[in-house]
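1. sequence unavailable; structure follows:
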């Protein structure tokens, strides 16, 4: 499948929702990762990404105004000794707990389903990067409603052998709407630009300016595990 340009793919969709991108940089030296969140309501927009050591959290900027934050406050990214887990919900912890107990990414997600936010039934999208020596691979998953009534779950998993300059993007929504249409099909193959700054700034600029909230990007050196990262928040974090 031919890769689309990453920035074109995002700029053409006013509301992709929450998205995970994993891939391999054009020089084949770094594992590329990005996670973004968007929002339509005041509550979902009043958030920001924060670093917690090697992990990433979400801060509520006007806490107390949202009665139920269970679907909007979670740990999007956790860094383990030989892998990085990134998801759009508390399934990050489900996956990491399973891995610590000797389980698998896929097995952990088979215990979960889509979000209980009828009528949207927002999909849970998840990704994992595997590192070992100088080897790197990654996988993506989407857990979505199998029907409009939300009575059954469709769980899909995608494993990739990295190709230099190519990433795979999966996100929650196909676009905007009164009832948000779920992402469909396989994760989109996208071409990645040269250089971390071009990747990070280009992603942030490609997201819809009215709906984007936060973006986290990371390049991990495949040989030594060192990484470069950056957070973009549309709304201010006090003290930052």
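-> Perfect, I can see it now. Predicted model, so just to flag it, every value in this text is computed and none were measured.

2. which ones are touching the closest residue to residue 97 other than its chain neighbours?
-> Once flanking residues are discounted, residue 97 sits nearest to residue 108: 7.4 Å by CB to CB, 6 or more residues apart in numbering. C-beta here means a position set from N, CA and C on the backbone, and glycine is covered the same way. By CB atoms under 8 Å, 6 or more residues apart in numbering, the contact list for residue 108 reads 91, 94-95, 97-99.

3. if you rank the residues you listed by neighbours, which is first?
-> residue 95 (28 neighbours; other CB atoms under 10 Å).

4. now do residue 200 against residue 227, distance only.
-> Applying CB to CB, to the nearest Å, the value for residue 200 to residue 227 is 13 Å.

5. over to residue 160?
-> For residue 160, the distance to residue 227 - CB to CB - is 19 Å.

6. now, which of the contacts of residue 108 sits nearest residue 32?
-> residue 95 (19.8 Å; CB to CB).

7. SS state for the closest one?
-> On the three-state scheme (DSSP: H, G, I helix; E, B strand; the rest coil), residue 95 is labelled helix.

8. got a list of what it touches?
-> By CB under 8 Å, 6+ apart, residue 95 lies in contact with 85, 87, 105, 108-109, 126, 128.

9. export the contacts of residue 108 to a markdown table and tack on pLDDT and distance to residue 164?
-> As requested, the contacts of residue 108 are arranged in a markdown table below (pLDDT from 0 to 100; distance: CB to CB, whole Å):
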| residue | pLDDT | distance to residue 164 |
| --- | --- | --- |
| 91 | 98 | 30 |
| 94 | 98 | 32 |
| 95 | 98 | 27 |
| 97 | 98 | 33 |
| 98 | 98 | 31 |
| 99 | 98 | 27 |
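
10. re the thing from before, and the residue nearest to residue 97, what pLDDT?
-> Residue-level confidence at residue 108 comes out at 98, pLDDT.

11. in what helix or strand does it lie?
-> Here residue 108, judged by DSSP states H and E, is contained in helix 105-109.

12. show me what secondary structure element comes after that helix.
-> Scanning forward in sequence from helix 105-109 by DSSP H and E, the next helix or strand is strand 124-132.

13. list the neighbouring strands of the next helix-or-strand element following that following strand plus their orientation.
-> Counting by DSSP H and E, the element after strand 124-132 in chain order, helix or strand, is strand 135-145. Strand 135-145 pairs in its sheet with strand 124-132 (antiparallel), strand 153-160 (antiparallel), by DSSP bridges.

14. that concludes my questions; thank you for your assistance.
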